[in-house]
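[1] Compute the structure for the input listed below.
(chains A and B)
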Amino acid sequence: MQQVIFALLGLITLGAAVMVAASRSLLRSALWLILSFLGIAGIYILLQAEFLAVVQVLVYVGAIATLIIFAIMLSRNVMDPKEPRFNDQWGLAGGFAALLFVVLAAIVTRVHWPISGAPAPPDAITRLGMDFVGAYAVPFEVASVLLVVAMIGAIIIARERDR
Amino acid sequence: MIPLPAVEGLPLPTVEGVPLTWYLLLAAGLFCIGIVAALARRNAIGVLMGIELMLNAVNINLIAFWRYGVTSVMTGQVFAVFVITVAAAEAAVGLALIIGVYRQRRTVTVEDLDLMKG
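    This next block holds a predicted model:
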């Protein structure tokens, strides 16, 4: 059963990702990207990381995809859909990516990963919260500073300047 | 591919029927598709979407290793949250840059942005 669900979610995720890379219209690419993000959220649930699945939907589907669609709409009528969507080096990039996948697949399938086989703890979210205020308190604060800096920077960069 | 024999004493590398390798292969495939989108797309927003796919592939790996490793230690999930934070910051700044470039140059095609070319 789990294998069937994994196969379905994996197909959705990878198929949507291929459409993101190959779609002629950028707006359709963004919509396929949302489907891919949702498939990944399903993978997280399959891995019993419920908190990460919710964060994935909130941050990626809710915020980043919306931001990307806004950016596409703000810069519309620039890309003619009849123009090529890939640059000259698409063959090189595709070959390189295929080679990388073959190498990664060879490594991943040959290494014997040591696994514990332990079940996911029922209080995983509590542990995650305790880690954020305990062992990882400083990185957590740095991440919040990073978000504030990124927000201020984005506002300054995208602001309309007086000419 | 010749699978290595299972080491004695270790349980088979599978949780509820799905081996860890499947998740790693899925993440590798997603990463490579993201590389194609990031390197070959002409539109700068398409490049950003490829980078988002690559970051998501990394997160799948982190959480798969958490689930198949010592699940009582939450480091895998903690790092995935940090990756999502950095991805959000990167998307915000990257899209702001694209909007800024579009205002100045009226283009978001990567090839036309060669101002710094020597």
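[2] just for chain A, where's the confidence low?
    A:77-82, A:162-163 (pLDDT under 70).
[3] now with 80?
    Along chain A, the model assigns pLDDT under 80 to residues A:76-85, A:117, A:160-163.
[4] same thing with chain B?
    B:1-17, B:117-118.
[5] where along chain B do the strands fall?
    Here chain B has its strands, by DSSP state E, at B:14-15, B:18-19.
[6] Show me the residue sitting in the middle of chain A in space.
    A:F37 (6.0 Å; C-alpha atoms, centre = their mean).
[7] what's the nearest residue to that residue if we skip its chain neighbours?
    A:Y60 (4.3 Å; C-beta to C-beta, 6 or more residues apart in numbering or on different chains). From N, CA and C alone the C-beta is placed, and that goes for glycine too.
[8] Hmm, that neighbour is touching B:L53, no?
    No. Between A:Y60 and B:L53 there is no contact under C-beta atoms under 8 Å: 10.5 Å.
[9] related to what we said a few turns ago, ok, the residue nearest to A:F37 - contacts?
    The contact partners of A:Y60, by C-beta atoms under 8 Å, 6 or more residues apart in numbering or on different chains, come to A:F37, A:I40, A:A41, B:E52, B:N56, B:I84, B:A87.
[10] What of A:L67?
    B:A91, B:A92, B:L95.
[11] So the closest residue to the second one other than its chain neighbours: helix, strand or coil?
    The one in question is B:A92. Once flanking residues are discounted, B:A92 sits nearest to A:A154: 4.4 Å by C-beta to C-beta, 6+ apart. At A:A154 the chain is in helix, as set by DSSP: H, G, I helix; E, B strand; the rest coil.
[12] burial measure for A:A154, as a count.
    Neighbour count of A:A154, defined by other C-beta atoms under 10 Å in any protein chain shown: 21.
[13] right, and it touches B:A91 too?
    No. Counting by C-beta under 8 Å, A:A154 does not reach B:A91; the two are 9.3 Å apart.
[14] From B:E90, how far off is the closest residue in space to B:Y23 that isn't next to it in sequence?
    Sequence neighbours aside, B:A64 is the residue nearest to B:Y23 in space, at 3.7 Å (criterion: C-beta to C-beta, 6+ apart). Here B:A64 is placed at a distance of 23 Å from B:E90 (C-beta to C-beta, to the nearest Å).
[15] what's the answer for B:G50, then?
    12 Å.
[16] longest helix of chain B?
    Looking across chain B with DSSP state H, the single longest helix is helix B:75-105.
[17] So which elements touch that helix?
    helix A:50-55, helix A:65-74, helix A:124-133, helix A:137-158, helix B:44-68 (3 or more C-beta pairs under 8 Å, 6 or more residues apart in numbering or on different chains; DSSP states H and E).
[18] Kindly reformat the ones you listed as CSV containing distance to A:I115.
    Formatted as CSV, the helices and strands packed on helix B:75-105 follow (distance: least, C-beta to C-beta, whole Å):
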stretch, distance to A:I115
helix A:50-55, 19
helix A:65-74, 33
helix A:124-133, 17
helix A:137-158, 26
helix B:44-68, 4
